[in-house]
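[1] Kindly return the folded structure for what I paste below:
(one chain, ligands or ions: 1)
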Amino acid sequence: MLRLEKLVKTYRTGDQALKAVDLVVPEGQVLALIGPSGAGKSTLIRCINRLVEPTSGKVWLGDTELTHLSSGALRRERRQMGMIFQEYALVERLTVMENVLSGRLGYVGFWRSLTRKFPQSDVDEAFRLLDRVGLLAMADKRADELSGGQRQRVGICRALIQNPKLLLVDEPTASLDPKTSRQIMRLICELCAERGLAAIINIHDVALAQMFVQRVIGLRFGAVEFDGPPDALTPDVLTRIYGEEDWEATIRKVEDEDAEAAE
Ligand SMILES: Nc1ncnc2c1ncn2[C@@H]1O[C@H](COP(=O)(O)OP(=O)(O)OP(=O)(O)O)[C@@H](O)[C@H]1O
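    Reported below is the predicted structural model:
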């Protein structure tokens, strides 16, 4: 459903963030993107929906090639790609419900979006989504009254109400404590399974990635260094991706948590 062909991004500063990345993501597959700081993870995610313009290469979403689309056509294609951010990107002074409904702005006409009058079917769907993520009682609260985990749940609902085929998720847990991080990762993965959604999740926490996804891509210096299942992330592989570090400890942490979950 998503195919990247020789995707290159060189910033004006000369930084080569992506070096001819090839990647195919089948329908419904959730994958984690790991790698050291500066490896190109955020750039990769943002080049897919052209928040960052790729320098060369192609991005196919189904049968549509995105890199050459006009802005109008790109706006329509972006409806199929929901985005979830590290810092939630909510409008603080708006309510939870208004923030969720803002995910429909790509669909409603200009005047409707100005007056924020959404069709009843959108409002019904927003209530269903808030119920699913456990925030129904918070619908009328202002976004700035919520905890980090609650804000991220709103961010998830806003992405899902777009009815996307693909979720692009950029460090969803970077601002959260470990327990809330696990809850949010579990929720994202469950929702993808329920809806048959594919997702690319940029996540710096390797243990968390290993716990929840079927496929891990390891980026290093803008190139794919590893592509495989989480249990193939041996200390050797992790050293190849990250350089010299004690990755035994990371793996042990996952085993401990598996044991904890089984109790
Ligand atoms: N707007 C920009 N202008 C110039 N160079 C940039 C820009 N954004 C990123 N880069 C550079 O591109 C490379 C990849 O950055 P990117 O943010 O994609 O990496 P990352 O793997 O997401 O890192 P992190 O985990 O620290 O967020 C880095 O060398 C970075 O300095």
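
[2] Number of residues surrounding residue 105?
    Here the number of neighbours of residue 105 (other CB atoms under 10 Å) works out to 14. Just so you know, the C-beta spots here come from the backbone N, C-alpha and C atoms, and that holds for glycine as well.

[3] can you check residue 27 too?
    12.

[4] how about the longest helix seen in the chain: buried residues?
    Taking DSSP state H as the criterion, the chain has its longest helix at helix 178-195. Neighbour counts over helix 178-195 (16 or more other CB atoms under 10 Å) mark 180-185, 187-189, 191-192 as buried.

[5] Distance from the chain centre to the helix or strand that residue 159 is a member of, please.
    If you go by DSSP states H and E, residue 159 is part of helix 148-160. Computed by CA atoms, centre = their mean, to the nearest Å, the separation of helix 148-160 from the middle of its chain amounts to 12 Å.

[6] what does the following helix or strand past it contact?
    Sequence order places strand 166-170 as the next helix or strand after helix 148-160, per DSSP H and E. Applying CB atoms under 8 Å, 6 or more residues apart in numbering, the contact partners of strand 166-170 are 1-2, 25, 41-42, 45-46, 48-49, 61, 80-86, 159, 188, 192, 197-203.

[7] Go ahead and confirm residue 92 touches residue 143.
    Yes - Residue 92 is within contact range of residue 143, at 5.2 Å (criterion: CB atoms under 8 Å).

[8] Counting neighbours, go ahead and name the busier of those two.
    For residue 92 versus residue 143, the count of surrounding residues by other CB under 10 Å is larger for residue 143: 20 against 12.

[9] does the more buried one really touch residue 153, like I thought?
    No - Residue 143 is beyond contact range of residue 153, at 11.2 Å (criterion: CB under 8 Å).

[10] one step back: list the helices and strands the longest helix of the chain packs on?
    Secondary-structure packing of helix 178-195 (3 or more CB pairs under 8 Å, 6 or more residues apart in numbering; DSSP states H and E): strand 30-34, helix 148-160, strand 166-170, strand 198-202, helix 206-212.

[11] Indicate which one of those is closest to the ligand.
    With CB to the nearest ligand atom as the measure, strand 198-202 is the member of the helices and strands packed on helix 178-195 nearest the ligand (6.3 Å).

[12] Other residues contacting the closest one?
    Contacts of strand 198-202 (CB under 8 Å, 6+ apart): 1-2, 25-33, 41-42, 44-45, 48, 165-172, 185, 188-189, 192, 209, 213.

[13] out of these, which are buried?
    1-2, 25, 29-33, 41-42, 44-45, 48, 165-172, 185, 188-189, 192, 209, 213.

[14] near the ligand too, which of those residues?
    41-42 (CB under 6 Å from any ligand atom).

[15] Need the contact partners of stretch 59-78.
    Taking CB under 8 Å, 6+ apart as the rule, stretch 59-78 contacts 1-5, 7, 47-50, 54, 57-58, 80-81, 106, 165-166.
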